[in-house]
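Visitor: Show me the folded form of this:
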Amino acid sequence: METIYGCLERITYYNEETHFIVARLQEKGKKGLTTIVGNLAGLNPGEFLKLTGRWVHDKKFGLQFRVEQYETVVPATVNGIRKYLGSGLIKGIGPVMAQRIVKEFGLNTLDVIENSPAELARVEGIGPKRIAMITKAWEDQREIKEIMVFLQGHGVSAAHAARIYKQYGKAAVETVRANPYRLAADIRGIGFITADRIARHLGIDPNSVMRAEEGLLYVLNELMSEGHVYYPRESLVDKAVEMLEVERGVVLTALDRLRADQRVILDEDAVYLTPFFIAEARLARRMLALREAGSTVRRLDPVQALAWVEKKLNVRLADRQKEAVALAVQSKVVIVTGGPGTGKTTIIKAVVKILCALGLRILLAAPTGRAAKRVHEACGFEARTIHRLLGFSAQKGGFQRDQDSPLEADVIIVDEASMIDTILMYHLVKAVPPQATLILVGDVNQLPSVGPGNVLRDIIDSGRFDVVTLTEIFRQSRESRIVVNAHRINRGEFPDIRRPLDPGTATDFYFIEEDDPERVVSKILKLCRERIPKRFGFHPVRDIQVLAPMHKGVAGVENLNVELQNLLNPGGAGITRGHRVFRRHDKVMQIVNNYEKEVFNGDIGWITAINREDQELVVDFDDRTVKYEFPELEELVLAYAVSIHKSQGSEYPVVIMPVLTQHYVLLQRNLVYTGVTRGRKLVVLVGSKKALAMAIRNDKPQKRYTRLRERLAEGDNNR
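Guide: Got it, this is the predicted structure:
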């Protein structure tokens, strides 16, 4: 074993799952850069490291230092101190300020910050406020250091260590030693696997019931993230036994204890996390009660109302559209579903027009900000996200609108209802006044919600509510191959991919055949940078959205983002977090719901500023700026390419989508259908006909365990 010292210059590769890193180190006393490899978490360029390990010779990459243990150390040279302070570790000090401080205090810089911070006032630009910020950050770093030493061997990043310190304060190490599994519940971003690794290191018995309880909850949560609302008992136990590598009896004992503590609910053979059981059961009960309650909408002649609204909107409604509008002004709960170009938005406009004329209070909402903005622009009526509609407040603890403080409305219309998961639908229906009308509009053939459940499909299949299914494509939409091909795909037919007969004309749907994944990526890059902007005039970042079925692989979301960022926003100062580099003007996406910032999973924005001194990054989400502290950057990912699942509820001027046989695990009809219907003006598929045909033939979407349909169909009398 050898020990080397040096400054971390850059990270060239980082695996989030294993924390395996390949990086370049400016080793002390050497001119060139040293390649280091190993499982190192939470490092940032600019940090000084003491590394223990051994030298190895890789056949492909040459001499490398394989790290076994590491720790950050305080630099001993003026240049080292400047780099250390300027690396972004200390809030209030960026590269420019670090240069000034080191120029003033030289080798005594760190001693001044530690023992005489008031002397920092001698440096231009540092006043009492910044001194207080620097002092606090320095003290926090010193206390966090103890936590880092404790956690560094267990794959916990610096960002997570900061959160652990923030959550538990000086009692952090003591708390973690007592019950490391608390981390999985208390600290965002730390899951069971990491907590379990720490527990084993601390000597907790792998066969303990406590570990099995937390393992069961972990497995259930993972299954919820796949869309299930519950999971069959035997299958759940099998998965837990396999994952935990313990006897079946230990898992069964743990399950009994979780039931006794009401952390899970066992409903016949179905195991629910308690909040999901409550949400599903009460959602069914409230939907049925809403259907039976009286209405504040007075009776009117539907024939007269339809004639009046057609004249006002200067449209001729199709028979199914008339049926939908008539039901919407007469029934308590109505579902309108249909594909693109079938007139769902026209129905919303007509219903709003009629109900406004009656003087009724109407609320229009959608699951995402983009979907709400789109329906607002189409209908000319204010629309809000469901979260805003229900008055979510992180400070007050949840949704402020519920059965005790219901929405002030006679009619509530929700667009893009296929996106709504079980929990959100429960909170929405809970806030609907009993006398109000609820109208759900959406495309049931799209992918189901990202969150657990298959709510719109279950409501329709229950047979308990009025449903209108729109199938007719209107003339102006029939002229679009996007719309026509979306419906062909939905019917299980191969899309029309013929070139236009006249070379001087353009279509809005193209298929570029290519089987090789690397050449697919190359063609996508050329489409984004050159061909589409030049031919159609679309902006390569603002207008074009690449959608991919999978995250991994050459043509997966992660690699596409790296390639597109380097092509469309190369160079410039950025901030590195793990394997991600964020630069000013980057297109980014929020990947978790952050209720405090009011940004939600799937929201897309653009980085407008990076402030190293204040350790903040600013993102513009549709003209609303949101600040992120550097430890919060794990909530963001690059969004030049996003998964088709994450694109739900959004529309883009241009969609480019790779379709390859390597995506076979996820190649399903509703996946391709959803991707195609996200494109408004142009859709380009790049891939193999074989893969596209495989997807269209596969009309068996992954099963989601949910009992909402049964509860609605049978009546949820005893829940």
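
Visitor: how near is residue 484 to residue 490?
Guide: 11 Å (C-beta to C-beta, to the nearest Å). In this view, the C-beta of every residue, glycine as well, is placed from N, C-alpha and C.

Visitor: just the strands in the stretch 601-719 of the chain please.
Guide: Using DSSP state E, counting those that start in this stretch, the strands of the stretch 601-719 of the chain run over 604-611, 616-621, 624-629, 636-638, 641-643, 652-659, 679-687.

Visitor: closest to residue 332 out of these?
Guide: Nearest to residue 332 among the strands of the stretch 601-719 of the chain is strand 679-687 (33.6 Å), distances taken as C-beta to C-beta.

Visitor: dump the residue contacts of the nearest residue to residue 323 once chain neighbours are set aside.
Guide: Of all residues not flanking residue 323 in the chain, residue 468 sits nearest, at 5.4 Å (C-beta to C-beta, 6 or more residues apart in numbering). Counting by C-beta atoms under 8 Å, 6 or more residues apart in numbering, residue 468 touches 320, 323, 324, 327, 334, 335, 336, 337.

Visitor: From what I see, the third one and residue 335 are in contact.
Guide: Read it as residue 324. No: contact criterion C-beta atoms under 8 Å: residue 324 and residue 335 do not qualify, at 9.4 Å.

Visitor: The strands of the stretch 601-719 of the chain: which one's closest to residue 301?
Guide: Judged by C-beta to C-beta, the one of the strands of the stretch 601-719 of the chain that comes nearest to residue 301 is strand 679-687, at 37.2 Å.

Visitor: Report the inter-axis angle for the closest one versus strand 652-659.
Guide: For strand 679-687 against strand 652-659, the angle between stretch directions is 20 degrees (axes from the mean of the first three to the mean of the last three C-alpha atoms, to 10 degrees).

Visitor: So for strand 679-687, mean pLDDT?
Guide: For strand 679-687, mean pLDDT is 93.

Visitor: The one helix or strand residue 468 maps to: partners in the sheet, and parallel or antiparallel?
Guide: Using DSSP states H and E, residue 468 sits in strand 466-470. Strand pairing for strand 466-470, using DSSP bridges, gives strand 333-338 (parallel).

Visitor: Now the partner strand - C-alpha only, CSV.
Guide: What follows is strand 333-338 as a C-alpha-only set of coordinates in CSV (Å, rounded to 0.1, in the frame of the first residue of the first chain):
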residue,chain,number,x,y,z
VAL,A,333,-68.7,13.0,-12.8
VAL,A,334,-67.7,12.8,-16.5
ILE,A,335,-64.7,11.3,-18.2
VAL,A,336,-63.7,12.4,-21.7
THR,A,337,-61.0,10.4,-23.4
GLY,A,338,-59.5,10.3,-26.9
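
Visitor: mind listing what's buried in that strand?
Guide: For strand 333-338, burial by neighbour count (16 or more other C-beta atoms under 10 Å) applies to 333, 334, 335, 336, 337, 338.

Visitor: Tell me the one among the residues you listed nearest to residue 649.
Guide: Using C-beta to C-beta, these come closest to residue 649 at residue 337, 15.1 Å.

Visitor: Give me the pLDDT value at the closest one.
Guide: In this model, residue 337 carries a pLDDT of 94.

Visitor: ok, so what distance separates the nearest residue to it once chain neighbours are set aside from residue 40?
Guide: Leaving aside its sequence neighbours, residue 337 sits nearest to residue 444 (C-beta to C-beta, 6+ apart; 4.5 Å). Going from residue 444 to residue 40 by C-beta to C-beta gives 47 Å.

Visitor: One more: residue 616?
Guide: Taking C-beta to C-beta, one finds residue 616 at 26 Å from residue 40.

Visitor: biggest helix in this protein, by residue count?
Guide: helix 128-151 (DSSP state H).

Visitor: So which other helices or strands are in contact with that one?
Guide: The contact analysis (3 or more C-beta pairs under 8 Å, 6 or more residues apart in numbering; DSSP states H and E) places helix 128-151 against strand 62-72, helix 109-115, helix 158-168, helix 172-178.

Visitor: gap between that helix and the chain center?
Guide: 31 Å (C-alpha atoms, centre = their mean, to the nearest Å).

Visitor: ok, residue 616 and residue 40, which is more surrounded?
Guide: residue 40 (22 against 16; other C-beta atoms under 10 Å).

Visitor: Need the nearest residue in space to the more buried one, chain neighbours excluded.
Guide: In space, and not counting its chain neighbours, residue 40 is closest to residue 21: 4.8 Å by C-beta to C-beta, 6+ apart.

Visitor: What are the boundaries of the strands in the stretch 151-300 of the chain?
Guide: Going by DSSP E, counting those that start in this stretch, the stretch 151-300 of the chain shows strands at 231-232, 264-267, 270-273.

Visitor: Any chance of TSV for those strands, columns mean neighbour count and mean pLDDT?
Guide: Shown next, in TSV, are those (neighbours: other C-beta atoms under 10 Å; pLDDT from 0 to 100):
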stretch	mean neighbour count	mean pLDDT
strand 231-232	18	96
strand 264-267	17	95
strand 270-273	22	96
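
Visitor: Thank you kindly, that will do.
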